[in-house]
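**Q** predicted model, plus sequence, below.
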Amino acid sequence: MDRRDFIKTGLVTAAAPALILADIKTIKRSRKPVAISTWNHGINANEEAMKVLRSEGSALDAVEAGVKISEADPTIQSVGFGGRPDRDGHVTLDACIMDSQGNAGSVAYLQDIKHPISVARKVMEETDHVMLAGNGAKNFAISHGFKEENLLTEKSRTAWLKWKKNMSKKNDLAPNDDHDTISLLAQDLDGNMAGACTTSGLAFKIPGRVGDSPIIGAGLYVDNEVGAAGATGRGEEVIKAAGSFLIVELMRQGHAPQIACEEALGRTVNRHDGNPEFQIAYIALRKDGEIGVAAIRKGFKYALSSDDKNELYPVKGIIN
């Protein structure tokens, strides 16, 4: 090869990275961000998440920003500030978050901190742990600049006092099954996925109770090669099924997200002789953007934001 040919080859080689980057940029801009979440308040959560995604932000930033809207809304009595308290009148919060690299963080039985999802992210990014609980989680949050504040609103306090007045010894250990946990899954312009799940748990629960929401693989699971899944409903049953992990693994095996959600629920329904007296719902988002949603009973709704739409959809139960 003479000097002239060498120079020509070098120019082509030097230009190659620019061409590759141009192609990546084109692919990136052709992707459509997606956010899917549970329940009516998922609409506002999705809206906030999509602001991040449309600004080329990460899926991780998007899911955190989205569920913080629910955590800060005192009218939502199943999440964060204004959540219904436990049997002793204390608002206790559970949350977890998972990124596209398989990293995860969570907090359980956290009190007096408005945004448990952000504390969970700090656990993920600032420690080599996955979960912190109780006073340990609270002290960790305060040491990282989180503000301690009273989360019990007058509305939730009134509901608690009414429950205390009307409860009997017979139902003392059977707390109200009213708990609209928010799970939010997102995919960003790079195709990366993340998820967040946060709740105040069962209303008037036994102090110390922890549900599925802070448990990786139960309330939430993300595998960036396959997809993500999140749960809402009776946490004890979701834990027993390792529900979100099961759905992602079924998708890995080639099942459509819808089939995966229905199969996960079906196993729980079968364990309760075909007619469980509780609600569970799952949402799933596959890597290619296809979604799946299923609930045991009617009444569940999910919010889906894609393209320029952000809409709420009702779901028929698999048993009624």
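**A** Yep, that arrived.

**Q** against Asp86, how distant is the spatially closest residue to Arg87 that is not a sequence neighbour?
**A** Residue nearest to Arg87 in three dimensions, not counting chain neighbours: Phe204, with 5.3 Å by C-beta to C-beta, 6 or more residues apart in numbering. In short, each C-beta sits where N, CA and C put it, glycine included. As defined by C-beta to C-beta, to the nearest Å, Phe204 lies at a distance of 7 Å from Asp86.

**Q** ok, now Asp223?
**A** 33 Å.

**Q** ok, now Thr268?
**A** When Thr268 is compared with Asp86 (using C-beta to C-beta), they lie 25 Å apart.

**Q** quick check on these two: which one has the bigger neighbour count.
**A** Neighbours of Thr268 and Asp86, each counted by other C-beta atoms under 10 Å, are more numerous for Asp86; the result is 23 against 19.

**Q** which residues touch the more buried one?
**A** Neighbour list for Asp86: 92, 201, 204-207, 209 [criterion: C-beta atoms under 8 Å, 6 or more residues apart in numbering].

**Q** pull out the buried positions in stretch 221-235.
**A** Neighbour counts using 16 or more other C-beta atoms under 10 Å place 221-224, 226-235 of stretch 221-235 among the buried residues.

**Q** please save the CA atoms from that stretch in PDB.
**A** Taking C-alpha atoms only, stretch 221-235 is exported to PDB below (Å, rounded to 0.1, in the frame of the first residue of the first chain):
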ATOM      1  CA  TYR A 221     -38.700  -6.400  38.600                       C
ATOM      2  CA  VAL A 222     -36.700  -5.100  35.700                       C
ATOM      3  CA  ASP A 223     -34.500  -6.900  33.200                       C
ATOM      4  CA  ASN A 224     -33.200  -4.600  30.500                       C
ATOM      5  CA  GLU A 225     -32.800  -7.400  28.000                       C
ATOM      6  CA  VAL A 226     -36.400  -8.600  28.400                       C
ATOM      7  CA  GLY A 227     -38.800  -6.200  30.100                       C
ATOM      8  CA  ALA A 228     -40.200  -5.100  33.400                       C
ATOM      9  CA  ALA A 229     -43.200  -5.900  35.600                       C
ATOM     10  CA  GLY A 230     -44.900  -4.300  38.600                       C
ATOM     11  CA  ALA A 231     -47.700  -5.200  41.000                       C
ATOM     12  CA  THR A 232     -50.500  -3.800  43.100                       C
ATOM     13  CA  GLY A 233     -53.000  -5.400  45.400                       C
ATOM     14  CA  ARG A 234     -52.600  -7.900  48.200                       C
ATOM     15  CA  GLY A 235     -48.900  -7.800  48.900                       C
END
